[in-house]
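> Sequence first, predicted coordinates after that:
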Amino acid sequence: MNIESNLKKQIITSLDKTTYRNFPMVPKVVFGPGCFSQLGDILLPMRKNSEAPFIFLVDDFFENREFVSRIPLMLNDEIIFISAEEEPKTEQVDALVAQIGEKYDEMPSGVIGIGGGTLLDLAKAVAILLNNKGSAKDYQGWDLVHRPSIYHVGVPTISGTGAEVSRTTVLLGPDKKLGINSDYTTYDQVLLDPDLAKTVPKEQWFYTGMDCFIHCVESLTGTYLNAFSQSYGEKAMELCKEVFLDDISDSDSREKLMMASWHGGMSIAYSQVGIAHAMSYGLSYLLGVKHGLGNCLVFRHLGEFYPEGVAIFDQMMQKHGIQLPQGICADLSQDDFDMMINVSLGLEPLWENALGKNWKEIITPARLQTMYQKI
Ligand code: NAD
Ligand code: ZN
């Protein structure tokens, strides 16, 4: 559940020594409706030899759709369809790496992830593990990856998480949900084609889009805010408002949300998320509630902490007629609450960012339980 919290830890440690973290960024990006058709040209010079395939990990929503014929397969390249029903797991990464290793004599030329945050994270992890021994679970944490990943390309098909720009890949392991945070995680190339998001269902569009909006609110109101994060966060917020409150065309909306996701991801790189994320990781850990929906379920009850953000969120929900599920925590036992509260309060940097150094005086386990009970 630590996706974004790790970064802050590193920044804090570094700041104590008055040195600052040196973040990798995506070095190459192509943007524009229809630009997916350029993928073949982009990959061509990166092909190592005729025996070293490109492996395309693709959200299984696209299986048997016309889109598949546009994937630029050559020679022994392979498409592997993967369900985004569940968030990525370390053993799933290990199985994919083993499968690829057994099938090909040569190390692949690269891995291309096509889908939402789930597929983008999976492709990052597979690219790392193809060139690093052992299991994905050995690398969950901070800067544990010592050999570069193989070339990897991210192609988002739904916008909001910022996974396309971040230096982490969030994985569920045997005993923890934690990112592989490393300089080798970040994509070598990202392809932003807003047309790929045309088929996203409305509810999912809203939930994943709100992940971006909530990143902005939490970053911009946080105590860790700095000019770097603010500059990206303000732009992302402006774009989210246009997308979710103004009446703009569908094509404008897809383009702007794609860029909002990018800027929102950049904003939290150098700051931190806050209470909605801290609570939503608890929900995800105990109940398997997915990231975007979990954030929405929590955020609407956080008016006392984010009055302006929650007011805008309510307007957005109303404008798009979104009905969130109710009573998620109605039947939970005290043990269940204790587990969620433990997970949530363990994310100290998120709470500290939201409420300052004395956050423990403000958020007690009892108060947090009352907050969960509203959901
Ligand atoms: P997702 O990838 O889980 O996909 C959500 C649903 O949308 C799936 O059913 C998928 O099949 C469908 N979908 C995707 N593209 C579609 C399209 N073009 N048309 C129709 N359906 C489409 O959703 P998400 O919200 O993007 O990602 C959530 C994941 O991202 C979580 O696992 C979370 O941990 C991770 N995440 C990662 C980071 C990071 O920095 N690495 C940040 C935030 C979240
Ligand atoms: Zn998020």
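On my side now, so go ahead. Ligands and ions are numbered 1, 2, ... in the order given.

> mind listing the helices for the protein?
5-16, 39-43, 90-103, 117-129, 202-220, 227-245, 250-269, 275-287, 291-299, 307-319, 334-345, 348-355, 359-362, 365-373 (DSSP state H).

> mind listing what the residue of the chain positioned farthest from its centre touches?
Outermost residue of the chain with respect to the C-alpha centroid, by Cα atoms, centre = their mean, is residue 50; its distance is 33.4 Å. The contact partners of residue 50, by Cβ atoms under 8 Å, 6 or more residues apart in numbering, come to 75-76. The C-beta positions use only the backbone N, C-alpha and C, and glycine is treated the same way.

> where does the stretch 201-350 of the chain come near ligand 1, residue by residue?
204, 208, 291-292 (Cβ under 6 Å from any ligand atom).

> circling back to that earlier point, with ligand 1 as the reference, measure out to the residue farthest from the centre of the chain.
32 Å (Cβ to the nearest ligand atom, to the nearest Å).

> Adding pLDDT and neighbour count, write the residues of the stretch 201-350 of the chain next to ligand 1 out as JSON lines.
Shown next, in JSON lines, are those (pLDDT from 0 to 100; neighbours: other Cβ atoms under 10 Å):
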{"residue": "204", "pLDDT": "98", "neighbour count": "16"}
{"residue": "208", "pLDDT": "98", "neighbour count": "26"}
{"residue": "291", "pLDDT": "94", "neighbour count": "25"}
{"residue": "292", "pLDDT": "96", "neighbour count": "25"}
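
> The closest residue to residue 176 other than its chain neighbours - how many residues pack around it?
Take residue 176 and drop its neighbours on the chain: the residue closest to it by Cβ to Cβ, 6 or more residues apart in numbering is residue 140, 6.5 Å away. When neighbours are defined as other Cβ atoms under 10 Å, residue 140 has 25 of them.

> How about the one 10 residues further on?
For residue 150, the tally of surrounding residues (other Cβ under 10 Å) stands at 22.

> for it, what are its contacts?
Counted by Cβ under 8 Å, 6+ apart, residue 150 has contacts 107-111, 127, 130-131.

> Same question for residue 237.
Taking Cβ under 8 Å, 6+ apart, we find residue 237 in contact with 213, 216-217, 220.

> How about residue 173?
Neighbours of residue 173 in contact, by Cβ under 8 Å, 6+ apart: 89-90, 136-137, 140.

> what does residue 375 give?
Contact partners of residue 375, counting by Cβ under 8 Å, 6+ apart, are 283, 297-298, 301, 328-329.

> May I see these arranged in a markdown table, with distance to residue 256 as well?
A markdown table is the format used below for the contacts of residue 375 (distance: Cβ to Cβ, whole Å):
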| residue | distance to residue 256 |
| --- | --- |
| 283 | 29 |
| 297 | 25 |
| 298 | 25 |
| 301 | 28 |
| 328 | 31 |
| 329 | 34 |
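
> of the residues you listed, closest to ligand 1?
Closest approach to ligand 1 among those (Cβ to the nearest ligand atom): residue 283, at 12.4 Å.

> Isn't residue 92 up against residue 121?
No - using Cβ atoms under 8 Å, residue 92 is not in contact with residue 121, being 10.6 Å away.

> Neighbour count: the two, which is higher?
Ranked by neighbour count (other Cβ under 10 Å), residue 92 and residue 121 place residue 121 first, with 27 against 18.

> Name the nearest residue to that one, ignoring sequence neighbours.
Nearest one to residue 121, counting by Cβ to Cβ, 6+ apart, is residue 169 at 4.2 Å.

> Identify the residues contacting that neighbour.
Residues near residue 169 by Cβ under 8 Å, 6+ apart: 88, 120-122, 124-125, 128, 163, 179-180, 185.

> so how far is residue 114 from it?
Distance, residue 169 to residue 114, by Cβ to Cβ, to the nearest Å: 15 Å.

> now swap in residue 329 and tell me
Applying Cβ to Cβ to residue 329 and residue 114 gives a distance of 35 Å.

> More neighbours: which of these two?
Ranked by neighbour count (other Cβ under 10 Å), residue 329 and residue 114 place residue 114 first, with 26 against 19.

> Surely the more buried one and residue 164 touch.
No - assessed by Cβ under 8 Å, residue 114 is found out of contact with residue 164, at 11.3 Å.

> Show me the common contact partners of these two, please.
Counting by Cβ under 8 Å, 6+ apart, nothing touches both residue 114 and residue 164.

> sorry, back to before: look up how far ligand 1 lies from the residue nearest to residue 121.
Taken as Cβ to the nearest ligand atom, the span from residue 169 to ligand 1 is 5 Å.

> Need the phi and psi values for that residue.
phi -130, psi 120 (degrees, to the nearest 10).

> so what's it scoring on pLDDT?
pLDDT, residue 169: 96.

> before we move on, what about residue 362?
Note on residue 362: pLDDT of 97.

> What is the burial count for the residue nearest to it when sequence neighbours are not counted?
Closest residue to residue 362 apart from its sequence neighbours, by Cβ to Cβ, 6+ apart: residue 355 at 5.2 Å. Under the neighbour criterion other Cβ under 10 Å, residue 355 is assigned a count of 18.
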